[in-house]
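A.B. asks: build the 3D model from these lines:
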Amino acid sequence: MEDENIASEQGERREANGNADSLLAANINEKLSSLTSLPSQCCIYRVPDTLRRVNEEAFVPRILSIGPVHHGKERLRDMEGHKWQYLKALLQRKPGTMVERYVKAMRELEARTRGCYAEIIKFDSDEFVTMMLLDGCFIIELFLKNKNKQLRDEDDPIFNRTMVLTDLHRDLILLENQLPFFVLETLFNLIENTDQEGPSTSVLELTYVFFKFLGLQEVLIRDSQPDVKHLLDLLRLWFVPPSSTKSTSKSKFELIRSVTELHEAGVKFRMGTVSCLMEIKFINGVLEIPPLTIEDTTDSLLGNLIAFEQCCNRFTPHYITDYVILMEYLINSPKDVALLSRYGIINNLLGDNEGVSHLFKKLGKEVVFNSDKFQFSNLCRDVNKYHKTRWHIWRATLRRDYFNNPWAIISFIGAVLLLFFTLIQTVCSLLSLKKL
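C.D. replies: Numbers count the residues shown, from 1 in each chain. Have a look, this model is predicted:
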């Protein structure tokens, strides 16, 4: 009887465990079925924590939120009022424009726009569409007023305050502060269709004018219509070379010496004549590097471009990342910065060479790059080969130690002549002795 009771209890226990397992399995299946895969059009991400910890300030907006990531934050509320004022000004300038047209257009793009963000956006439909409309129209009106001063009010709160405009330039290039470019183009086309005044333009051209101070390539506007994901992606496209000149390097990655070491080995430096950062060349002992202006927002610009490339899939070339890695190796000390500044390659508006050196070290920290696809592998190989040739080192030493000023040259020539005449005298003396 006791054995039967034990067997009965064990059976009940197994049945209870079985029910619990079934319930747990059902919960897991429900969780799995609710998951959605990352959209293929995803292009706007949160900055990885590894990069954020190195320099969080470079990735956080100062005064403006664009898109859902920083929307509604208390310290960014002041600019929300200016957004509404800019929307009102834009609509008033277009007689007969119905807000409903804009709302319908944004509603049709809502699902596609949500799919561009790497995380699930918890805004309801109306809130999300309002954000798209308000943020998109603010950017377009800002760009239009930047290009055409006649559109600005005398008391414009943005263009009358240099600090505000500077902060907007910075905030609009943050990875977490983006709207899909097709949203801007759709809104702009609606605006242009009701605008009967002035020559036609494009969002590309307006963006170029707004960020022209960065030294962008205007050729992209005239000759092509690139597949642009957002404003930050457009800046990246402007900084990288055209398809015909992109690297197809197959060389093994090699570390490159610092500017000072290369200079002492006889490598010459020359400022490039193009604005494309990637157009770095090494020909006949001359390393040609395009000019780069270093100012207060450079770390934020390059940092967000790097963060964008780090988040993209592995098939996306890491042009900016590789550029920063190369510059980090070249710039190892303030002396390297001073040399590059002397040749016009670096325009240091920070005023502190140590700060520039630290900037590139900070930008390269915690960054992952593919050594098998490094864009400058061939260049590093050629520079290292030149650096290892002893004749180049000897020639550079001779030039540095004996031909660095006119008096040194005269002294060297005098020494050579003295040695020559001494040799002649010695030969003559030997010949005289032989005759005796």
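A.B. asks: which residues sit against the helix or strand in which Leu87 is found?
C.D. replies: Per DSSP states H and E: Leu87 is located in helix 77-92. With Cβ atoms under 8 Å, 6 or more residues apart in numbering as the test, helix 77-92 has contacts from 63-65, 97, 99, 133-135, 137-138, 140-142, 144, 151, 153, 157-158, 191. All C-beta spots, glycine's among them, are computed from the backbone N, C-alpha and C.
A.B. asks: now do it: distance to the chain's middle.
C.D. replies: Chain-centre distance of helix 77-92: 29 Å, with Cα atoms, centre = their mean, to the nearest Å.
A.B. asks: could you do stretch 74-83 as well?
C.D. replies: Centroid separation for stretch 74-83 versus its chain: 27 Å, with Cα atoms, centre = their mean.
A.B. asks: ok, back up a step: quick one, which of the contacts of helix 77-92 are buried?
C.D. replies: Buried subset of these (neighbour count, 16 or more other Cβ atoms under 10 Å): 63-65, 97, 133-135, 137-138, 140-142, 144, 151, 158, 191.
A.B. asks: what's the helix or strand for the residue nearest the centre of the chain?
C.D. replies: By Cα atoms, centre = their mean, the chain has its centre lying nearest to Leu305, at 2.6 Å. Using DSSP H and E, Leu305 sits in helix 298-311.
A.B. asks: so for the helix or strand that that helix is followed by, mean pLDDT?
C.D. replies: Remark: after helix 298-311, the chain's next helix or strand is helix 319-330, criterion DSSP H and E. In this model, helix 319-330 has an average pLDDT of 95.
A.B. asks: give the other helices and strands that helix 319-330 contacts.
C.D. replies: If contacts are counted by 3 or more Cβ pairs under 8 Å, 6 or more residues apart in numbering; DSSP states H and E, helix 319-330 sits against helix 231-239, helix 298-311, helix 353-364.
A.B. asks: using CSV, list the CA coordinates for the longest one.
C.D. replies: Extracted C-alpha coordinates of helix 298-311, given in CSV (Å, rounded to 0.1, in the frame of the first residue of the first chain):
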residue,chain,number,x,y,z
THR,A,298,36.0,67.8,-35.5
ASP,A,299,35.9,65.1,-32.9
SER,A,300,32.1,64.9,-33.0
LEU,A,301,32.0,64.9,-36.8
LEU,A,302,34.7,62.1,-37.3
GLY,A,303,33.4,60.3,-34.2
ASN,A,304,29.9,60.0,-35.5
LEU,A,305,31.1,59.0,-39.0
ILE,A,306,33.1,56.2,-37.4
ALA,A,307,30.2,55.1,-35.2
PHE,A,308,28.0,54.9,-38.3
GLU,A,309,30.5,52.8,-40.1
GLN,A,310,31.0,50.6,-37.1
CYS,A,311,27.2,49.9,-36.9
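A.B. asks: and Lys252, helix, strand or coil?
C.D. replies: Using DSSP: H, G, I helix; E, B strand; the rest coil, the structure places Lys252 in coil.
A.B. asks: got the contact list for it?
C.D. replies: Ser371, Ser377, Arg381.
A.B. asks: mind checking pLDDT for it?
C.D. replies: Confidence at Lys252, expressed as pLDDT, is 79.
A.B. asks: also the one 5 residues further on?
C.D. replies: In this model, Arg257 is scored at 93, pLDDT.
A.B. asks: touching, it and Lys388? I think so.
C.D. replies: No - with contact defined as Cβ atoms under 8 Å, Arg257 does not count as touching Lys388 (10.0 Å).
A.B. asks: those two - which one has more neighbours?
C.D. replies: Neighbour tally, Arg257 and Lys388, criterion other Cβ atoms under 10 Å: the higher count belongs to Arg257, 18 against 10.
A.B. asks: so what's that one closest to, chain neighbours aside?
C.D. replies: His387 (5.9 Å; Cβ to Cβ, 6 or more residues apart in numbering).
A.B. asks: am I right that that neighbour is in a helix?
C.D. replies: Yes - with three-state DSSP as the criterion, His387 is assigned to a helix.
A.B. asks: thinking again about what came up before, separation between the spatially closest residue to the residue nearest to the centre of the chain that is not a sequence neighbour and Val356?
C.D. replies: Of all residues not flanking Leu305 in the chain, Ile320 sits nearest, at 4.2 Å (Cβ to Cβ, 6+ apart). Ile320 sits 17 Å away from Val356, going by Cβ to Cβ, to the nearest Å.
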